[in-house]
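Engineer: what's the 3D shape of this:
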Amino acid sequence: MKNDPSQPSSPGRRGFLKAGGVAAAGFAATGGAQAALTRPHTDDPLAQIEPFYGAHQAGVVTPQQSHTYVAAFDLKTEQRDDVIALLRDWTRAAAQMTQGKPAGMLDTPDDKTAVDSADTLGVGPAALTVTFGFGPGLFATQDGKDRYGLASKRPAALVDLPRFNGEQLVAEKTGGDLFIQACANDPQVAFHAVRQLARMGYGAIQMRWGQAGFLSGQKGQTPRNLMGFKDGTNNPSTRSAAQMNQFVWANGDDAAWMHGGTYTVVRRIRITLEHWDRMELGFQEQVFGRHKYSGAPIGRKNEFDALDLGAQDKDGNPVVAENAHVRLSNQATNDGAQILRRSYSYNDGTNFYVERWPPWRQETEYDAGLIFIAHQSDPRTGFIPINARLAKFDMMNQFTTHIGSAIFAVPPGVREGSFVGAGLFDA
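Structural biologist: Numbering: from 1, shown residues only. Just a heads-up that it's a prediction; the model follows:
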């Protein structure tokens, strides 16, 4: 008999998923605690609220918050109904948390799995957005069996990423069936959101990887990465519906359920800051093809001045080097392709490094770099060709190593009463 996602699952099968289902009741039960969950001043970044429901998922074109926690999960359950139940409960809980409310009850002694950790009580919603995505594994077949009956609905654009020159991917930081990106103006609010959703899925999922990130800079200005350069200057304008429709939102041609969604590539890029920090300013600017302090293209004055790739110096050499990052990633050198970068820096402390060949270095190095996040309408014409060029020729490669990678189909937004990805399950 065909699964009916509109019907509640049996208590036995959904025991591990009860937390989200009681989210609304749990918050009502807290009564007077509600006043402590939000802050009174709308100009306070911790009091800001981003809408959860809408045509598109929040966290894609939303102005970047100061912190993120991104995570990927592997599905352990073999039941399609369990996946649907999980997504329903995740949707309810995410909608609650973006309002500054708990994901589940605060005091339910008879059901420990429903208890919100309460570590963000009184902090406020902090402009929290929770964005969900589906990895290729959701559509996979195993031993000739369609894992969840979704293989025929895998979009052509949800490709397995090719191997790129120089990458050193770590399996434990790569891939995943389900993706959660939580962004907020407070690090604990972002982590709390992922933590609650992970708890609610206990028994059906297991975490594959997680990563915290941060962003520094004045609101409305292009943020700087750990290398000190502005990151995202050449993004398509999120204020332009035409550009978003062209470069970011999927049109759903071969997968109607993805219309209004996007395809998200996540890369964990480690930067050898010890090496970079010893480079002269002029060389650093040649690597990027931009002036470090203004963000302007080399030879220009302002960050958003047009990039002149044909400009030459007095000796006839290109002002912007042929292997400069800005040239190789530019729309003009990639057949007009653009992606929307929404990246964050990360700092995971230090690692002890031993080199087993001359000069036989032994030293402690920063484990820090960039959580590269890119949204696009089709990675086959966006991230993949752009990164293939960068991986081969970019001067920056001597300072960066891609060690984690994943791709996800991020479905369109959710309407109240429904759940994220409902169109995929014909719900």
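Engineer: Only C-alpha atoms from now on, for both contacts and neighbour counts.
Structural biologist: Noted.
Engineer: OK, contacts around Pro125?
Structural biologist: 37-38, 46-49, 97-101, 184, 189 (CA atoms under 8 Å, 6 or more residues apart in numbering).
Engineer: What's the separation between it and Gln96?
Structural biologist: Distance of Pro125 to Gln96, computed by CA to CA, to the nearest Å: 10 Å.
Engineer: before we move on, what about Gly252?
Structural biologist: Taking CA to CA as the measure, Gly252 and Gln96 are separated by 29 Å.
Engineer: out of the two, which sits in the busier spot?
Structural biologist: Neighbour count, other CA atoms under 10 Å: between Gly252 and Gln96, Gln96 has more, with 20 against 16.
Engineer: hang on, the more buried one in a helix?
Structural biologist: Yes. Under DSSP: H, G, I helix; E, B strand; the rest coil, Gln96 falls within a helix.
Engineer: tally of neighbours for Pro136?
Structural biologist: For Pro136, using other CA under 10 Å, the count is 20.
Engineer: residues making contact with stretch 136-143?
Structural biologist: Defining contact as CA under 8 Å, 6+ apart, one finds that stretch 136-143 is touched by 146-154, 158-160, 176-178, 407-408.
Engineer: one more time with 10 Å
Structural biologist: Applying CA atoms under 10 Å, 6 or more residues apart in numbering, the contact partners of stretch 136-143 are 74-75, 83, 146-155, 158-160, 175-178, 406-409.
Engineer: thought Ala296 was touching Asp231?
Structural biologist: No. Using CA atoms under 10 Å, Ala296 is not in contact with Asp231; the gap is 11.9 Å.
Engineer: Need the overlap of contacts for the two.
Structural biologist: When CA under 10 Å, 6+ apart defines a contact, no residue borders Ala296 and Asp231 alike.
Engineer: Reduced to three states, what does Gln65 come out as?
Structural biologist: Strictly by three-state DSSP, Gln65 counts as coil.
Engineer: from memory it sits against Ala184, does it?
Structural biologist: Yes. The criterion here is CA under 10 Å, and Gln65 meets it with Ala184 at 5.2 Å.
Engineer: Strands along the protein, start to end?
Structural biologist: Ranges of strands in the chain, per DSSP state E, are 67-75, 129-134, 141-142, 145-146, 178-184, 205-214, 262-271, 340-341, 344-354, 362-376, 400-410.
Engineer: The second one versus strand 178-184: what angle between them?
Structural biologist: Comparing the axes of strand 129-134 and strand 178-184 via axes from the mean of the first three to the mean of the last three CA atoms, to 10 degrees yields an angle of 170 degrees.
Engineer: same for strand 129-134, what does it pack against?
Structural biologist: Applying 3 or more CA pairs under 10 Å, 6 or more residues apart in numbering; DSSP states H and E, one finds that strand 129-134 contacts strand 67-75, helix 80-97, strand 178-184, helix 187-200, strand 262-271, strand 400-410.
Engineer: Phe132: which of those is closest?
Structural biologist: The closest of those to Phe132 is strand 178-184. By CA to CA, the value is 4.8 Å.
Engineer: more crowded one of Gln65 and Ala184?
Structural biologist: Each of Gln65 and Ala184 had its neighbours counted (other CA under 10 Å), and the higher figure belongs to Ala184 (30 against 24).
Engineer: list the contacts for the more buried one?
Structural biologist: So Ala184 contacts 45-46, 48-50, 59, 64-69, 98, 125-130, 190-191, 193, 214 (CA under 10 Å, 6+ apart).
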